[in-house]
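In: sequence first, then the predicted structure:
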Amino acid sequence: MSEARMSEASMTEASTPGASLAEVCVVACAEAWRGDGAILASPMGLIPTLGARLAQLTFAPDLLVTDGEAMLIAPPDPQGSDPQGSGAQGSGADDGIEGWLPYRDVLRLVATGRRHMMMGAAQLDRYGNQNISCIGDWARPKAQLIGVRGAPGNTVNHPVSYWIPRHSPRVFVPRVDMVSGIGYDRAAALGGNGAAFHELRVVVTNLAVLDFGTPENVMRLRSVHPGVAVNEVVAATGFSLAVPEKVPVTRGPTPAELDLIRVRLDPAGRRERELPGQERPQRAAT
Amino acid sequence: MTDKVMSPADVVGELRSGMTIGIGGWGSRRKPMALVRAILRSGLSDLTIVSYGGPDVGLLMAAGRVRRVVSGFVSLDTIALEPHFRTGRQNAAIELTEVDEGMLHWGLLAAAHRLPFLPIRAGLGSDVPRVNPQLRTVRSPYPDGEELVAMPALRLDAALVHLNRADQRGNGQYLGPDPYFDDLFCLAAERAYVSCERIAPTASLLESGPPQSLLINRAMVHGVVETPGGAHFTSCVPDYGRDEAFQAQYARSAGDPDAWQRFRAEYLDGDEASYQLAVQRFHDTQPAVPA
């Protein structure tokens, strides 16, 4: 680890040495939902899903989380043997079902605003405009992707965050080819409820956590993951990133969080295959 | 009581080139694939397909049946991108009306309610209006004055959906976790056709599920088709899950013209019975997967 990397670093004391990059990312995703209360957490992809479940099992017990289909997974029973919601084994409430949420009701919940989704993005610009539709000219794309899905509606109705497993200038671009989820510049131009209901909370990547906490709501570096240099993030971003004077290090998992991730939520270790070729030697920060 | 039972070929016989056809299910889940396969074998062309898109859209595109797709996505779920949709778009082989998922819902709801449009916030500020220049906004006539997207009704000439059970009269029952928007597709359509895993006596439907599992009633339906395995290779829970091995084979084949010719000859050129037999052969030759 270089001097430059260490000089920016300041670890929170609760972090566990030896946590993998994937585990740091799970916790960073979980943090996106901190303070959200009884709303639907909609994670897309494994790392955000583990993050949402972790948040529900720890500091955000009121969150609603689905099984990826139409069932809502119950948080630990507050009256049960696990009143702190620590998710310790033997709480007797593991993966119980507390409700039903088919797609029609997800769409209704979107319109009520009681949801915070973490989506992916093929492209993202400095205002948070997101593209998941296609690369190149829409009329005849170079690469057709999945389509805008619910991104236009999500971003004018409820908070949205993004998970980017490969932070690179191919994703963080000056201008996206097809605005699917709208960014702060377009929300401001809309005004009214579209702007009032618009909120991009955080962007979690394999290198860093970013947010829009600047006067113009342009993307800002909030923290770098352990072992990542600020200039590495800047170089991997295809637009000018707002970088505060002091950039903290993303907090790692606490021992209890690490135990939940490893033992309860992902015992097969699928999370480690989400960031292929990006294994980065993890070391205890001091 | 009218008996609405028909064959997949009968359904196709009621469809015409140029029609707008809505297809139920979602992604690679509970798609009326046997009816889609029957359309592949037909001479229909220039269809507009309205769908929360999965392999239904991809297969129809690959067979040259489609002029326009109306959708917010086309995906195989566990395989994110539908290969034929991808290729077709990249070759500009079809026209696309790309809308937000909620806008599609609202378009079907407007059609079902015989309204010209319904206002929705989704789409504002995004590039959806840019790629749909015919799309208009509407301003609230009330003091708030909010400007919203006026999502036009998506009127369907026909709807095709697949359910777990139905009776001969056209009452349809889903037994899985999600009704998707199948009832809405039926209500938005001039004529709706329900395929099902099994046609059962009306009185026996409530032995399989609670009253709210009776998603579709006979006022919404013009034809009922019994097609066991008719959603394959998409999921039809609890009768069967998605056939992931076969879907993977489909996706691999679709990525290569020669492989696709072989896939078509093996699975799609014959009738539904020969399809189901070929799928059985496919699984007989697969190495056993440890549970």
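Out: It's in.

In: up against chain B, what does the stretch 101-250 of chain A have?
Out: When proximity is defined by Cβ under 8 Å from any Cβ of the partner chain, the stretch 101-250 of chain A lies next to chain B at A:102-104, A:107, A:110-111, A:133-134, A:138-153, A:155-157, A:178-182, A:186-187, A:189-190, A:192-194, A:197. (Each C-beta comes from the backbone N, C-alpha and C, glycine too.)

In: and the residue of chain A closest to chain B?
Out: For chain A and chain B, the shortest gap (Cβ to the nearest Cβ) falls at A:Gly153, measuring 3.0 Å.

In: check what pLDDT the residue nearest to that residue when sequence neighbours are not counted gets.
Out: Leaving aside its chain neighbours, A:Gly153 sits nearest to B:Ala122 (3.0 Å; criterion: Cβ to Cβ, 6 or more residues apart in numbering or on different chains). Predicted confidence (pLDDT) for B:Ala122: 98.

In: helix or strand for B:Ala122, just tell me which one.
Out: Counting by DSSP states H and E, no helix or strand carries B:Ala122.

In: what do you get for B:Asp157?
Out: strand B:156-166.

In: quick one: contacts for the residue in the stretch 1-150 of chain B that chain A sits nearest to?
Out: Closest to chain A within the stretch 1-150 of chain B is B:Ala122: 3.0 Å, counting by Cβ to the nearest Cβ. Neighbour list for B:Ala122: A:110, A:150, A:152-153, A:156-157, B:100, B:102-103, B:106, B:149 [criterion: Cβ atoms under 8 Å, 6 or more residues apart in numbering or on different chains].

In: what does A:Leu207 give?
Out: Residues in contact with A:Leu207 (Cβ under 8 Å, 6+ apart) are A:167, A:224-225, A:228, A:232-233, A:236.

In: let me see the confidence value for it.
Out: 97.

In: and what of B:Gln286?
Out: Residue-level pLDDT assigned to B:Gln286 equals 87.

In: and for it, the neighbour number?
Out: Residues lying near B:Gln286 (other Cβ atoms under 10 Å in any protein chain shown) number 11.

In: now do stretch A:197-206: distance to the chain's middle.
Out: Counting by Cα atoms, centre = their mean, to the nearest Å, stretch A:197-206 is centred 7 Å from the centre of its parent chain.

In: can you list contacts of it?
Out: For stretch A:197-206, the external contacting residues (Cβ under 8 Å, 6+ apart) are A:21, A:25, A:28-29, A:31-32, A:48, A:113, A:116, A:118, A:124, A:128, A:155-167, A:182-184, A:187, A:190, A:209-212, A:219, A:222, A:225, A:275, A:278, B:121.

In: among the residues you listed, which are in helices?
Out: A:21, A:25, A:28-29, A:31-32, A:48, A:155, A:184, A:187, A:190 (DSSP state H).

In: quick one, strands of the chain?
Out: As the question left the chain open, I've gone with chain A. A:40-43, A:64-66, A:71-73, A:97-100, A:115-119, A:123-124, A:130-131, A:134-135, A:143-144, A:159-164, A:199-205, A:208-211, A:220-224 (DSSP state E).

In: wrong chain, I was asking about chain B
Out: Secondary structure of chain B by DSSP E: the strands cover B:20-23, B:47-51, B:66-71, B:95-98, B:117-120, B:136-139, B:147-152, B:156-166, B:172-173, B:189-199, B:223-226.

In: in TSV, list the ones you listed along with mean neighbour count and distance to A:Arg262.
Out: Formatted as TSV, the strands of chain B follow (neighbours: other Cβ atoms under 10 Å in any protein chain shown; distance: least, Cβ to Cβ, whole Å):
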stretch	mean neighbour count	distance to A:Arg262
strand B:20-23	26	43
strand B:47-51	25	41
strand B:66-71	21	40
strand B:95-98	20	41
strand B:117-120	20	43
strand B:136-139	13	50
strand B:147-152	22	46
strand B:156-166	28	39
strand B:172-173	26	42
strand B:189-199	23	41
strand B:223-226	22	48
